[in-house]
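Peer 1: show me the folded form of this:
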Amino acid sequence: MLAEEKAVAGEPWAVRGPVVLVVDDQSEILEALRRLLRKEPYELLTTESPDLALERIRARRVDLVIADERMPGMRGTDLLEQVQECSPGTVRIILTGYPGSATLDYGLSQAVDWLISKPWNDDALRLTIRQLLEEGRTRARNSAKARRRPHSSAPGWKPPLRWSEWLADFCDVAAFPLHFVGTDGVILWANQAEAVQLGYALEDLVGHRVTEFHADPATAEDLLGKLARREEFRDFPVRIRCKDGIIREIILDSRLAGPDGRFVHSRLETPTEAGPRKTRDDLEAEIQQRSSELRQANAELIHEMAERTRAEDSLRLNEVRFRLLVESVTDYAILMLSPEGVIVSWNIGAERINGYRADEILGHSFTRLFTPEDVEAGKPPHLLRKAMEEGRAEDEGWRVRKDGTRFWSNAVLTAIRDSGGNLLGFSKVTRDMTERRKAEEERAKLSSQMLQGQKLQAIGQLSAGIAHEINNPVGYILSNLNTLGEYCEDLRRMFLQARQAAAAARDGRDPWMLLAEFSRLDQEIRGDELADDLQQIVADCSLGTERIRDIVRSLREFSHVDQGQLKPTNLNHCLEDALRICWNELKYKAEIRKDYGELPLVPCYPQRMGQVFINLLVNAGQAIEKKGEVFLSTRVEGEEVVASVRDTGCGISPENLGKIFEPFFTTKPVGSGTGLGLHVAYKIVTAHGGRIGVTSKLGGGTEFSVRIPVSSPRAR
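Peer 2: Numbering: from 1, shown residues only. Got it, this is the predicted structure:
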């Protein structure tokens, strides 16, 4: 419905003087503009519906239209294009929180006369509307021909000549390789992607024959022969040699370009084939080498069998050899313990790792190798008991060298028994794992940095929408505050007049003239309406500040670095915070339907779970092309809390469904995604001891289900 400042009874379209029409899907902004422009010398109409606005413009004259760019069902630039067609003399203004978008650049060059950014300046907005109305009246006095702009369907109209330059620029920077080849096989032109694909500079490609870059020149000559005979082909496999010597197997498409015999190749690299390709000679040499190794291994095996046969008569010799072998191992500490844990043998590896010579440690308890904390906790006798009862005990932790330094080790303690089952002692094999532990800690640190980086990347991708969601309430809050200032000035004038009348009555003077002036002021500023509007202004400002507060709180919670501790969390809250951050990406193309159940608190990292839900919500929005629905649901199933995000978008093809959680896998165009979003979500959920599943039907939408255990997960 259209709202008018003063509607003539029975004539809803009747107007006096210039007419200004404002179209915005947010009622708070329309109310703020009605207050701001209530005293301006023109009729002000407002509506939330672009269709109603077009109906009004086609039915009666409108001098100026102000339209919000982002509205459900129709963009502001699309609305103004239709306004230009049906009412060329109407001045067209875009009101937006996205002043730098490509859509607006197009609109400003086609159908938009002026752009106003949110939040606006009240005085500047009033002055701009007045000036544009005056310019519109000036144009109206000129001929209709000077006012019209050529339309693409007008007879004789042709695209501007610079379009050919735009097409050339597009081909030059296209993401897929292209090159023109003459009938003599010489490259006449190539784009940047072709040069990057092969690793050459453009000047190293243009002017050279294509056969110079093919690993199989005969195949290349056959290919050129087909083209010379004007035979087009698709999915033609060839092998290309790059500048660095790597041979890539790619697919060529060819289409003849013109009657002069020139043609173009469109080159696409096969996704499953990248990297060096071995020649037939290399494979034969490798087979010969492997055959030789197998023959050698077979000979060694025969020799070993003979040695085992002779070993039955030379057990003592074998024992000596085994002792020498153990003593010569340097990467492992191998020692023997008595049943009481006393060290009875010590090899070179033990000396290198622990720092003790054999004469310094033999006869001492193996507790000397443990940290004081482990000795106090009783770990050494516990390991002996476990090995004696279970046959084997493994432990990983800090150990102490002779010089007092510590190292991280993995130790395996094995009970040794005779044929009668009597305990003879224990063998202990220890490996220094300090470097591996450092590598694991570094890998964990890098993983944490990757998670934080992907989180900040998600905020960066959503920043324009978040700014728009903040700019909207900021715009009408500032405008309402200016209006509130004007109301305060009007009330101050009435208050002073009332005080003067009260003073006259107190002094015995006739206050009638003063009261008459008070009554005139009351009618001038419409005191009753002003008093009612004050409450609405305060309510609108309060609503706007609450929106900003909620957005900022959600951003703060999401971008906060996890402290490394699990927190009892309600996943409904995590899902709502994620939805608030992604709202601007969804509200114009999807209707959100919620079905939240009563959930227990689950131990998790709330910021990481928020990152999972943001990735799923953004994917759901991107899967919907024009208009659809997103269903959010939570429930408890057994010992798990289940959160589901389902969309009615394009779906995922069966061949891609098993790859979506792989790192860097994406079906989006180059530059539209990193392929890490779902991989990071998978890593986060599994780190909580949970599961993430997906079901999809091509053309029928996709559903992701996140399952987190109610009990403490194996979070890392």
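Peer 1: for this protein, longest strand please?
Peer 2: strand 406-417 (DSSP state E).
Peer 1: tell me what it is packed against?
Peer 2: Secondary-structure packing of strand 406-417 (3 or more CB pairs under 8 Å, 6 or more residues apart in numbering; DSSP states H and E): helix 379-390, strand 392-400, strand 423-432, helix 434-506. From N, CA and C alone the C-beta is placed, and that goes for glycine too.
Peer 1: for those, which one sits closest to residue 514?
Peer 2: helix 434-506 (3.9 Å; CB to CB).
Peer 1: quick one: average confidence on that closest one?
Peer 2: The average pLDDT within helix 434-506 is 70.
Peer 1: isn't residue 646 up against residue 697?
Peer 2: No. Judged on CB atoms under 8 Å, residue 646 makes no contact with residue 697 at a distance of 11.3 Å.
Peer 1: and the contacts of the longest strand of the chain?
Peer 2: Residues outside strand 406-417 that contact it (CB atoms under 8 Å, 6 or more residues apart in numbering) are 336-337, 353, 371, 383-384, 386-388, 391-401, 423-434, 436-437.
Peer 1: I'd say residue 384 and residue 342 touch.
Peer 2: No. If you go by CB under 8 Å, residue 384 and residue 342 don't touch, sitting 11.0 Å apart.
Peer 1: the two: which is more packed in?
Peer 2: A direct count of neighbours by other CB atoms under 10 Å for residue 384 and residue 342 places residue 384 higher, at 19 against 15.
Peer 1: could you report the pLDDT at the more buried one?
Peer 2: If you check residue 384, the pLDDT there is 90.
Peer 1: heads up, I number from 43, so please use that
Peer 2: I'll keep to 43 as the first residue from here, and by that count the last item is residue 426.
Peer 1: please report how far it lies from residue 409.
Peer 2: Per CB to CB, to the nearest Å, residue 426 is found 10 Å from residue 409.
Peer 1: over to residue 381?
Peer 2: Using CB to CB, residue 381 is found at 15 Å from residue 409.
Peer 1: please apply the same query to residue 579.
Peer 2: Per CB to CB, residue 579 is found 79 Å from residue 409.
Peer 1: related to what we said a few turns ago, in the longest strand of the chain, what's buried?
Peer 2: 449, 450, 451, 452, 453, 454, 455, 457 (16 or more other CB atoms under 10 Å).
Peer 1: residue 81: which of these is nearest?
Peer 2: The closest of the buried residues of strand 448-459 to residue 81 turns out to be residue 450 (CB to CB; 78.1 Å).
Peer 1: quick one, domains of this structure?
Peer 2: Domain assignment of the chain by automatic domain parsing yields the ranges 45-189, 205-311, 357-474, 475-576, 604-758.
Peer 1: by mean pLDDT, point me to the weakest helix or strand of this structure.
Peer 2: helix 186-189 (a mean of 40; mean pLDDT, DSSP states H and E).
Peer 1: higher neighbour count, residue 688 and residue 739?
Peer 2: Shown here are residue 688 and residue 739; by other CB under 10 Å, residue 688 has more neighbours (20 against 12).
Peer 1: so for that one, what's the pLDDT?
Peer 2: For residue 688, the pLDDT comes out at 92.
Peer 1: look at it and give its secondary structure.
Peer 2: strand (DSSP: H, G, I helix; E, B strand; the rest coil).
Peer 1: quick one: it and residue 731, what's the gap?
Peer 2: 24 Å.
Peer 1: ditto for residue 575
Peer 2: Relative to residue 731, and taking CB to CB, residue 575 is found at 56 Å.
Peer 1: so which bits of stretch 398-414 are buried?
Peer 2: 398, 403, 407, 408, 411, 412.
Peer 1: return the member of these nearest to residue 97.
Peer 2: Closest to residue 97, out of all of the buried residues of stretch 398-414 and judged by CB to CB, is residue 412, at 86.4 Å.
Peer 1: so who does that closest one touch?
Peer 2: Applying CB under 8 Å, 6+ apart, the residues near residue 412 are 421, 422, 441, 442.
Peer 1: can you check residue 108 too?
Peer 2: 62, 63, 64, 65, 66, 75, 135, 136, 137, 158, 171 are the contacts of residue 108 under CB under 8 Å, 6+ apart.
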